[in-house]
Each structure stands twice: as structure tokens, then as C-alpha cells.
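Sequence and computational prediction follow.
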Amino acid sequence: MTASSLLAAHGVLRGPVERSVVGPARALLLAGVRGRVLEVGAGTGANLAWYPSGVDHVDVCEPDPLRRRRLERRVAAGSWPFSVAVHAAAPEGPFLAASYDTVVSTFVLCSTPDPEATASALRRALAGGGRVAFLEHVRAGGPAGRVQALLSPRWERMAGGCHLDRPPTSALRSAGLVPIEQRWLRLPPPLVLAVAGQAVVRVRPSPTGPR
Ligand SMILES: C[S@@+](CC[C@H](N)C(=O)[O-])C[C@H]1O[C@@H](n2cnc3c(N)ncnc32)[C@H](O)[C@@H]1O
């Protein structure tokens, strides 16, 4: 695949595929979200329109200044049934740890320098009983996965640090999160496959067993 076709594939993902495949997956992912929400790597705010009315507040974080400016414009232009605050990084401080009912990560674990560290940060932000709602592309199996592994270094340079060949649910598991309610969706090459689901904090069995 040439550099221009890689870029074309990336462009397609923002247009028709966003409308016909990814948008509906965002809607399904976020349909049951309630209360306080933290969204990391929000990009230009593609998820905002899909939050249901049961949401009270969304903290949207986007480190990239260009995307954040577009995100701020989208937030300012919209009429939202919840309050929204835009941040460069996840709001820090012990007062915000363990304070979100849902933490949202869509197409982010492919791009962060250390996905396990990112997943641990998502987990720390969850209030008791909270969930991570995730939608991430994954390395495909078989020959398609081997092609993705070959393309990934070049793609990473062209697509803002995105890796084609990561297993994002492994990062969630390493952080003590258990993926549940998983659904798979097909994407155009070179992305091929994505997984959407919820992840809950793993409950360790008591060392003394049940009483
Ligand atoms: C492919 S975009 C996805 C944007 C949006 N979440 C969506 O679903 O369309 C990946 C985003 O992750 C952000 N990102 C990269 N590294 C990050 C990090 N360490 N922490 C938070 N966000 C990060 C990028 O700036 C970018 O906006």
C-alpha cells in the first residue's frame, strides 16, 4: 500500500465510514451512559452528539492543541443537555480520582505512548461501580494482522502516533479492568477490525475466601 492510499484510507474513516459504521457504534456504546463522564483523547468531539440525556457532566480532554481548538468550537456551538468542560489533560488531583461513573476512550489506546499506563489512569478515575466504555481498533488475525504489523511503523508516523497492531483489551486487563459486553466491527483496511465494549474493575477474591 502506498503512502497516498494510506492517507486516503484514513480520510475515508472520517467520512462515510464514520457515518455508516463508527457513528452507530458510538451511539450504541454511549446509549446507557449516566452521571459524570470523563472522555480522554476526545479529538474534535465526535462522541459528544451521542451522549444521552441521563448524562450530567462531561469532562472532555484532548492534548493536541489543534484538535482541542476544534473541540472547543464544537462545544461552544452546541446545545448540550449536560454541562461540558474541555481540558488539555485529564483533570488531576485526588479530588478527581475515583469520581466518574463512566470513562470513555474511543480510538485512543492505539495512539498513547504507553497504553497500559493510560488504561491504569482510566481505571483510577472510575468511581465505585463505574465503567470504562471503549471503542478501539485491534490487530486482526492471520495474514491481515501480519500486514498491519508491517505497515504499523509507517502508519504511526502518518497518523498521529496510531499503531495498527495493538491489542487494546490486553492493556485494559493489565490495568485490572475486565472487558465485558464486547462487540466487533469491521473497518476498511488498514484498520480492519475494532472492538467496542464496557470494562469493569476486576474484583479480586478475598484471600480468606467467602465467610
Ligand atoms: C484517533 S484520535 C481519536 C479521537 C476521538 N476519541 C474519536 O473517537 O474520534 C486519537 C486521540 O488520542 C489523543 N491522544 C494521544 N495521546 C494521548 C494521551 N497520552 N492521552 C490522551 N489522549 C491522547 C490524540 O490527541 C487524538 O485526539
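Here it is on my side, so go on.

got the residues of the chain near the ligand?
40-43, 46, 62-64, 67, 106-108, 111-112, 118, 162 (Cβ under 6 Å from any ligand atom). For the C-beta atoms, the positions are set from N, CA and C on the backbone; glycine is no exception.

Remind me which helix or strand the closest residue in space to Gly35 that isn't next to it in sequence belongs to.
Nearest residue to Gly35 in three dimensions, chain neighbours excluded: Asp101, at 3.5 Å (Cβ to Cβ, 6 or more residues apart in numbering). Secondary structure assigned from DSSP states H and E places Asp101 in strand 100-106.

buried sites along the helix or strand following that strand?
Next in sequence after strand 100-106, counting helices and strands by DSSP H and E, comes helix 115-125. Within helix 115-125, the residues that qualify as buried by neighbour count (16 or more other Cβ atoms under 10 Å) are 115, 118-125.

Out of these, which comes closest to the ligand?
Sorting the buried residues of helix 115-125 by how near they are to the ligand, with Cβ to the nearest ligand atom, puts Thr118 at the top with 5.9 Å.

That closest one and Gly23, how far apart?
24 Å (Cβ to Cβ, to the nearest Å).

just to revisit the earlier point, which among the residues of the chain next to the ligand end up buried?
Neighbour counting over those (16+ other Cβ under 10 Å) leaves 40-43, 46, 62, 64, 67, 106-108, 111-112, 118, 162 as the buried ones.

which of these sit farthest apart?
With distances taken as Cβ to Cβ, the most widely separated pair in those is Ala46 and Thr118, at 18.7 Å.

Tell me which helix or strand Gln198 sits in.
Element membership of Gln198 [criterion: DSSP H and E] is strand 193-201.

Correction: the previous question concerned Leu185.
Using DSSP H and E, Leu185 falls in strand 177-186.

Flag every buried residue along that strand.
Under the neighbour-count rule (16+ other Cβ under 10 Å), strand 177-186 has 177, 179, 185 buried.
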